[in-house]
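Build me a model from this:
(chains A and B)
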Amino acid sequence: MAWKRKDLLGIRELDPAEITLLLDTAASLREIGTREIKKVPTLRGKTIVNLFYEPSTRTRTSFEIAGKWLSADVINFSASTSSAGKGETLLDTARNIEAMRPDVVVVRHSSAGAAELLARTLRCSVVNAGDGAHEHPTQALLDLLTIRERKGHLEGLQVAIVGDVAHSRVARSNIYGMRKLGMTVTVAGPPTLIPPQVQELGVKVSHRLEDAIRDVDVIMMLRLQHERMSAGLIPSLREYARYWGLTLDRLRASARSDVVIMHPGPVNRGIELSPEVADGPYSVILEQTQNGVAVRMAALFLLAGAKASQEVP
Amino acid sequence: MKLLIRNGRVIDPASGTDLQQDLLVEDGLIARSGPRLERTVAGAEVLDAGGKVVCPGLIDMHVHLREPGHEYKETIETGTRAAAAGGFTAVCCMANTEPANDTRAVTDYILAQARAAGAVRVYPIGAVTRGLGGKELAELAELAEAGCVAFSDDGRPVMNAELYRRAMEYTLPFGCPVISHAEDTNLSHGGCMNEGAVSTELGFRGIPSAAEDTMVARDILLAELTGAHVHIAHLSTAGAVRLVREAKARGARVTAEAAPHHLVLTDEAVRGYDPNTKMSPPLRTRRDVDALVEGLVDGTIDCVATDHAPHAQSEKEGEYDGAANGVVGLETAVPVLLDRLVRPGRLDLGTLIARMSIGPARLLSLPGGTLAPGAPADITILDLDRELTVDAATFRSKGRNTPFGGWRVRGAPVATIVGGTIVWRAAAGGEPGR
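Coordinates of the predicted model:
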């Protein structure tokens, strides 16, 4: 099948074949990173703008490397050093960037819908690198790719997504992708961190970690933002870690021996993940990061390069 | 000075009239109605209303005219011209101007400006608290004397129940209701749409129905405590409708309004992140919409009010959560409600007219709202077959922020008469005139 969309805004709008195309493309592009000369000419002459309104190391760097390995010119705008700090609106900034004729704008913003807003406004392609608590499609794709490699398939797998689901775009994008590919998803956390009526997304809900992780193939732990305490959603980090932190003991007591532990990072060590779990044999956190570059190469290739109907390099 | 409105279907809910007849206006007042008046009346200007509906001038008791202070969003002139083009002969303007309408000087200014530039009648609503700050009472007696017809801190709910109680007590002798924008701002904090399945999907923090319901309950209890008349603005939830219905059954002095957008749209409209679907209270669910329509039919909801809230384009085009709250409503209310509620038979025409004329007139003790002889000749003429496509570019309002852009609707006002003077007529050809 061929890619037809102008933008990659979320997983919810993709059909299973499109998700699989992205994963397959990523799997074949990943090999570039193992070459001695990590560069193919696929996107030579293309311009990619990273427009980041929220702090990000991993995602921004990952897009930058992906673009550079494909020979695109990659320019980084971050809110703190750009005219956004001078009060320019998102739309004005975007229109000005478009006047410089980029081929792809990669945007991260704290407002849900910001990527869709840009996609509506700009003629170039837009990739959503995280919009509020809405979607983070390339994160879900790299998670799916990592799981597929580890388990050999996706359909039929059971996944627990644990922690601050309410504020998590990673959780939402993964829920959409996993459900579309035939996986079973349980979200788990204290009720204050589970979004209302989340069952309508086709997931089960658990309020006990031990129940949620029993018999699942994959456990995805989410990052707990410290401001959730001041908002009155949890009493203390100590109590959160006590009931929702994934420790080796808890893992051994309740989870399968071949379970895979994921985390979108950055990890709060000792809170949602104990260090021995984060660094232990169940953890695939570094594979996730590696696959992130591959998935972003795939997204950029399909959006900016596939028009010329090139074969995957 | 006589005006004869010929051969229309005259509907006057206040007297239960629905008859094909003529209506005679003399010296700015309704003179009489009856069949074939032209045979006995000489020297009158004649307005042919054949095939049209002639009804009392519509009253919108909840609009934001933005003047003084936010003239870039709207002025008394543009807002009242929009009202006239929407079939309204009178509007009540909320106090959240800059400065707020919390002193006689501001009320005087609004009334003077309305006399000078207003196309329809303007009734100011005074602030409850100084600067809408929720801390100390505004000079309520003087505001009432200056001409305020109600008191409200609309948009900035008075969270301090004790202060609100005192406002209700203090205003009792004036015969003006206190109007509540019922929202517990702790419960709604950080939310920008209804809390539910759609907010979860879109990734927004939601505003639960309980943010409205708890304050409706509080204000009903305060009305019962003080004996004051409390009017609940823009009901949006099934729970609020139930609370008002029960309070009325107990005999509490509670009235309520609903806005057109809450009567026809649900939170599904927020998908796509169009800031023109953002308002406070937010669009709710199908169940809430159905309860609102039911409340409008059975009289739990006394009137339709638009909450016309014009904003500049720059305030309504960016990120959804950062966009301003509110939508314009004056120029779309009648067409949208005729098309979506009356035409499918969910609400009868007489009831809609009642909720937009005698309903608000009674609860604010305003002149008008009826076609009885001696009443001010405020008259709206509707054409139930006029078709139009909502196009914000044609609005007289400065605000273009409508959630109904592009809607094909059937049924619309064609003429608006204030005090016997025709202040607006639709251009021939069906599309709205300038």
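
The residue nearest the centre of chain B and chain A, how far apart?
With distances taken as CA atoms, centre = their mean, chain B has B:Ala305 as the residue nearest its mean C-alpha position (2.2 Å). If you measure B:Ala305 against chain A using CB to the nearest CB, to the nearest Å, the figure is 29 Å. Glycine gets a C-beta too; all of them are placed from N, C-alpha and C.

how many neighbours does the nearest residue to that residue once chain neighbours are set aside have?
For B:Ala305, ignoring the flanking residues on the chain, the nearest one in space by CB to CB, 6 or more residues apart in numbering or on different chains is B:His62 at 3.6 Å. Counted with other CB atoms under 10 Å in any protein chain shown, residues neighbouring B:His62 total 28.

tell me which element B:His62 is part of?
Here B:His62 is covered by strand B:58-63, with elements defined by DSSP states H and E.

and the closest residue to A:His134 other than its chain neighbours, what is it in contact with?
Distance criterion CB to CB, 6+ apart; nearest residue to A:His134, sequence neighbours excluded, is B:Gly203 at 3.1 Å. For B:Gly203, the contacting residues are A:Ala112, A:Asp131, A:Gly132, A:Ala133, A:His134, A:Glu135, A:Arg169, A:Arg172, by CB atoms under 8 Å, 6 or more residues apart in numbering or on different chains.

And these, which is closest to A:Leu23?
When the contacts of B:Gly203 are ranked by distance to A:Leu23 (CB to CB), A:Glu135 comes first, at 16.9 Å.

which residues touch the closest one?
So A:Glu135 contacts A:Leu9, A:Gly10, A:Ile11, A:Arg12, A:Ala115, A:Asn128, A:Arg169, A:Arg172, A:Ser173, A:Tyr176, B:Gly203 (CB under 8 Å, 6+ apart).

now the helices for the chain?
Because you didn't say which chain, this covers chain A. A:16-29, A:58-69, A:90-98, A:114-121, A:137-151, A:169-180, A:209-213, A:227-230, A:237-244, A:248-254, A:275-278, A:285-300 (DSSP state H).

actually chain B
Using DSSP H, helices in chain B cover B:76-85, B:104-117, B:140-146, B:161-171, B:185-188, B:197-202, B:209-226, B:238-250, B:260-264, B:286-298, B:333-337, B:349-355, B:358-364.

contacting residues for the closest residue to B:Gly419 other than its chain neighbours?
Take B:Gly419 and drop its neighbours on the chain: the residue closest to it by CB to CB, 6+ apart is B:Gly28, 4.3 Å away. Residues in contact with B:Gly28, defined by CB under 8 Å, 6+ apart, are B:Met1, B:Pro376, B:Ala377, B:Gly419, B:Gly420, B:Thr421.

Next, count neighbours for the second one.
If I follow you right, that is B:Pro376. Neighbouring residues of B:Pro376 were enumerated by other CB under 10 Å; the total is 23.

Can you tell me how far it is from B:Arg130?
34 Å (CB to CB, to the nearest Å).

For the contacts of A:Glu135, name the two members farthest from one another.
A:Ala115 and A:Tyr176 (14.9 Å).

For those two, indicate the residue with more neighbours.
A:Ala115 (31 against 23).

ok, that one - contacts?
A:Asp7, A:Leu9, A:Gly10, A:Val107, A:His109, A:Val126, A:Val127, A:Asn128, A:Ala129, A:Asp131, A:Glu135.

let's see it at 7 Å
For A:Ala115, the contacting residues are A:Leu9, A:Val107, A:Val126, A:Asn128, A:Asp131, by CB atoms under 7 Å, 6 or more residues apart in numbering or on different chains.

what's the burial count for the third one?
Translated: A:Val126. There are 25 residues near A:Val126, going by other CB under 10 Å.

Wait, it touches A:Glu116, no?
No. Counting by CB atoms under 7 Å, A:Val126 stays clear of A:Glu116, with 8.3 Å between them.

okay, and the common contacts of these two?
Common neighbours of A:Val126 and A:Glu116 (CB under 7 Å, 6+ apart) are A:Leu9.

which bits of chain B sit near chain A?
B:195-197, B:200-204, B:206, B:273, B:317-322 (CB under 7 Å from any CB of the partner chain).

Now for these: which two are most distant?
B:Ala197 and B:Glu317 (26.7 Å).

My read is that B:Ala312 contacts B:Glu74, right?
No. Using CB under 7 Å, B:Ala312 is not in contact with B:Glu74; the gap is 9.6 Å.

and the two? which has more neighbours close in?
B:Glu74 (27 against 16).

Correct me if wrong: that one contacts B:His311.
No. Between B:Glu74 and B:His311 there is no contact under CB under 7 Å: 8.8 Å.

Now do the shared contacts for the two.
B:Gly399.

Report the spatially nearest residue to B:Ile30, omitting neighbours in sequence.
B:Ile30's closest residue in space is B:Ala375 (CB to CB, 6+ apart), at 4.9 Å.

phi, psi of that neighbour?
phi -80, psi 160 (degrees, to the nearest 10).

Equivalent analysis for B:Ala312, please.
Residue torsions, per degrees, to the nearest 10, at B:Ala312 are phi -70, psi 150.

Cheers, nothing more for now.
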